[in-house]
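>>> Below are the sequence and a predicted model for it; my questions follow.
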Amino acid sequence: MMDVAWPLIAAPASFVVAAVVTRVMTPRLIEAATRLGIVDRPDGQLKTQRQPVPYLGGVAVALGVLVALGVTYRFDQQALALLLGGSIVLVLGLIDDLGSISPWSKLAGQLLAVAVLIRAGVSLQLVFLPPWVSIPLTVLWMLAATNAFNLIDIMDGLSSGVGAVAATFLAGIALYGGQVAPACVAASLAGALLGFRHFNVEPARIYLGDTGSLFAGFLLGALAFVNHYTGVHRIGALAPLLILGVPLFDMLFVMYIRWRRGMSVMLGSPDHVALRLRRWRLSTRATVRANVGVAVLLGASGVAVMLLPVVWSVALIGLLLIVALLVTAWLKTIDMGL
C-alpha cells in the first residue's frame, strides 16, 4: 500500500519543499550577485531593462530542486543521471553568466551532459522505431529542448512561467504512469520555478540567466522522454512536442526568420515571438500571460493526444498545425523596426 501511495505523497512534497527553498534562497542570491557584480547590464538593444539585474536565479532553482529531492526521494540511477546531466549544464551556464563562452563550447558541454544520460541508459525509446535511431534522436531532442528553453528567457517571468507549466504537466503524466522518479523531479522543478517566479515577474529583481535556463531546459527535455505516452496509441508519442510547444515554436520561428534574412541562427536578434507580441500592442505582463496561457492549452492538448482515440488525436494535431502556420504568417507581418 505504501508503494502505491508513495508517488502521490513524494511528488507534492517535492513541489512544496522546492518552492519554499527557492523562495527563501532567491533574495540571498540577489544580494550576493549584486555585491559581486554578477548582473545583466542594459545595452539599449536586446537588453532593455532600466537598470542592471542580478543573475544567479538559476542557482536558487537548482538548490530548490536538489534539496527537495534529497528530502523526499530515494535516488535511483535514472534520477541521478538527470541531476548529473543537469548539473553539467548548470555549471556551463554559470560560466557563461560569469563571463562568456563561445556557442561551440556551450554546445560541447551540452553534448557531454546528454552523453551522461545515454551512458546511464536514459534515452528516447520508441517501440515503432529501430533501437539504433534512439541515440541520435535523443541527442537532437535534448539539444533542441535545452536551447529552446534558453532562448525564451528574454522577458520578465516568461521562462519561469512557461517552464513551471510544462513541468507540472510532465509531473502529472509521470504520476498517471506510476513513475516515481520523473514525477518527483518534475514536481520539484515546477515548485522551484514558481518559488523563483515571485522575484522574476516584471520588474524582475533577478534573472534565471543561462545557469537556470539551461538547467531547467535540460531537465524538461529529459523528463519529456522518460515518461510513457503510447499506452493508448502511438500518436501519443507527439505529446512532449505539445507540452514544450511554446519554447519549441519560438526556436523554430526565430531560426526561420534568421534564415530568411541570411543571418546566423547562433546570433541574437529581436525576432522572438514574445518580443513581437510586445512590439504589436501587448504589455510585458500581458505577453507573458498570453504565453503561459498557450503553454497550458498545449499541455492539455498533449494529454488529450495521449488519451483520445486515434482519429480525434490526429484531428487535434492537424488543427494545431494549421493554427501554428496562421500564427507564423501573422507574426511575420509585425514590423520589428530592423
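Cool, the structure landed.

>>> In the helix or strand containing residue 86, which residues are buried?
Assigned by DSSP states H and E, residue 86 belongs to helix 77-98. The neighbour-count check on helix 77-98 (16 or more other CB atoms under 10 Å) flags 78-79, 81-83, 85-98 as buried. Glycine gets a C-beta too; all of them are placed from N, C-alpha and C.

>>> same thing with stretch 199-219?
Across stretch 199-219, burial judged by 16+ other CB under 10 Å covers 199-201, 204-219.

>>> So which residues of this structure form helices?
Assigned by DSSP state H, the helices in the chain fall at 2-36, 57-72, 77-98, 103-119, 134-151, 158-176, 180-197, 209-226, 239-243, 245-261, 273-280, 284-307, 310-332.

>>> Quick one, which of those helices gets closest to residue 232.
Closest to residue 232 of the helices of the chain, according to CB to CB: helix 284-307, at 6.0 Å.

>>> For the closest one, which outside residues touch it?
For helix 284-307, contacts defined as CB atoms under 8 Å, 6 or more residues apart in numbering pick out 152, 155-158, 161-162, 165-166, 168-169, 172-173, 201-202, 229, 231-232, 235-236, 238-243, 245-246, 273-274, 277-278, 282, 312-313, 316-317, 320.

>>> Stretch 315-326 too?
Against stretch 315-326 from outside (CB under 8 Å, 6+ apart): 235, 238, 242, 249, 298, 301, 304-305, 308.

>>> by contact count, what packs against the lowest-mean-pLDDT helix or strand in the chain?
Every helix and strand of the chain was ranked by mean pLDDT, DSSP states H and E. The lowest is strand 39-40, at a mean of 80. Using 3 or more CB pairs under 8 Å, 6 or more residues apart in numbering; DSSP states H and E, the elements in contact with strand 39-40 are strand 53-54.

>>> Restrict stretch 63-79 to CA atoms and write it as PDB.
Taking Å, rounded to 0.1, in the frame of the first residue of the first chain, the C-alpha atoms of stretch 63-79 are listed here in PDB:
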ATOM      1  CA  LEU A  63      19.100  24.400  -4.900                       C
ATOM      2  CA  GLY A  64      15.300  24.100  -4.600                       C
ATOM      3  CA  VAL A  65      15.300  21.000  -6.900                       C
ATOM      4  CA  LEU A  66      18.200  19.300  -5.200                       C
ATOM      5  CA  VAL A  67      17.100  20.000  -1.600                       C
ATOM      6  CA  ALA A  68      13.500  18.800  -2.400                       C
ATOM      7  CA  LEU A  69      14.700  15.600  -4.000                       C
ATOM      8  CA  GLY A  70      17.200  15.000  -1.200                       C
ATOM      9  CA  VAL A  71      14.400  15.300   1.400                       C
ATOM     10  CA  THR A  72      11.600  13.500  -0.400                       C
ATOM     11  CA  TYR A  73      13.000  10.900  -2.800                       C
ATOM     12  CA  ARG A  74      15.300   7.800  -2.600                       C
ATOM     13  CA  PHE A  75      17.600   8.300  -5.600                       C
ATOM     14  CA  ASP A  76      17.800   5.700  -8.300                       C
ATOM     15  CA  GLN A  77      20.000   5.600 -11.400                       C
ATOM     16  CA  GLN A  78      17.500   7.500 -13.600                       C
ATOM     17  CA  ALA A  79      17.200  10.400 -11.100                       C
END
